[in-house]
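# Generate coordinates for the sequence data below:
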Amino acid sequence: MTSRATLVAAGLLLALATACAALGAHALKSQLPADRLVLWDTAAQLHFLQALGLMGVGLTLRGRDGAALRASAALIAAGLVLMPGALYALALGAPHALGMLTPLGGFAWIGGWLVYAFGVWRTWA
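Now for the predicted structure:
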């Protein structure tokens, strides 16, 4: 992903995280059982944190470009679809089998941050 695409994606994902957090705090608070509301809140927190991280990757890409940095942005963005997306769906009552996507999102994030570290090390050498 380019710096521009990464920053646009981060902005959109942060707007979505804000909307999801507000939905959980207001509309869903009286609609979901406590255990599923915890899932929703966890998804929103992870969504915010990783989207902010994605913004940091986008800002890094402005000063330094490299395949590893672009790949890290793509992995982190993929994790943002998989992990919070699956948790939001589970909170709304989706089949438990969908929960198998959450570790894939976690692996994408771990891989994305490792590739980011490598990319920064390599481009600042």
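
# Return stretch 106-113 as PDB; C-alpha atoms alone will do.
Extracted in PDB, the C-alpha atoms of stretch 106-113 (Å, rounded to 0.1, in the frame of the first residue of the first chain):
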ATOM      1  CA  GLY A 106      -3.900 -11.800  15.000                       C
ATOM      2  CA  PHE A 107      -1.200 -13.500  12.900                       C
ATOM      3  CA  ALA A 108      -1.600 -10.800  10.200                       C
ATOM      4  CA  TRP A 109      -1.000  -8.100  12.800                       C
ATOM      5  CA  ILE A 110       2.000  -9.900  14.300                       C
ATOM      6  CA  GLY A 111       3.400 -10.500  10.900                       C
ATOM      7  CA  GLY A 112       2.600  -6.900   9.800                       C
ATOM      8  CA  TRP A 113       4.400  -5.400  12.800                       C
END
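
# Spatially central residue in this structure, please.
Using Cα atoms, centre = their mean, the residue of the chain that lies closest to the mean C-alpha position is residue 80, 2.7 Å off.

# and it, which of the three is it?
Of the three states, residue 80 takes helix according to DSSP: H, G, I helix; E, B strand; the rest coil.

# And it, how far from residue 108?
Using Cβ to Cβ, to the nearest Å, we find residue 80 at a distance of 8 Å from residue 108. Heads up, the C-betas are built off the backbone N, CA and C, glycines and all.

# returning to that earlier point: please list all residues in contact with the residue nearest to the centre of the chain.
Contact criterion Cβ atoms under 8 Å, 6 or more residues apart in numbering gives 13, 47, 50-51, 54, 105 as the residues in contact with residue 80.

# Tabulate those (TSV), appending secondary structure, distance to residue 96 and neighbour count.
Supplementary listing: the contacts of residue 80 in TSV, determined by DSSP: H, G, I helix; E, B strand; the rest coil; distance: Cβ to Cβ, whole Å; neighbours: other Cβ atoms under 10 Å:
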residue	secondary structure	distance to residue 96	neighbour count
13	helix	25	22
47	helix	21	23
50	helix	23	24
51	helix	26	23
54	helix	28	25
105	helix	16	22
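
# Columns distance to residue 67 and pLDDT on top of those residues, output as TSV?
What follows is these, written out as TSV (distance: Cβ to Cβ, whole Å; pLDDT from 0 to 100):
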residue	distance to residue 67	pLDDT
13	22	98
47	27	98
50	21	98
51	23	98
54	17	98
105	22	97
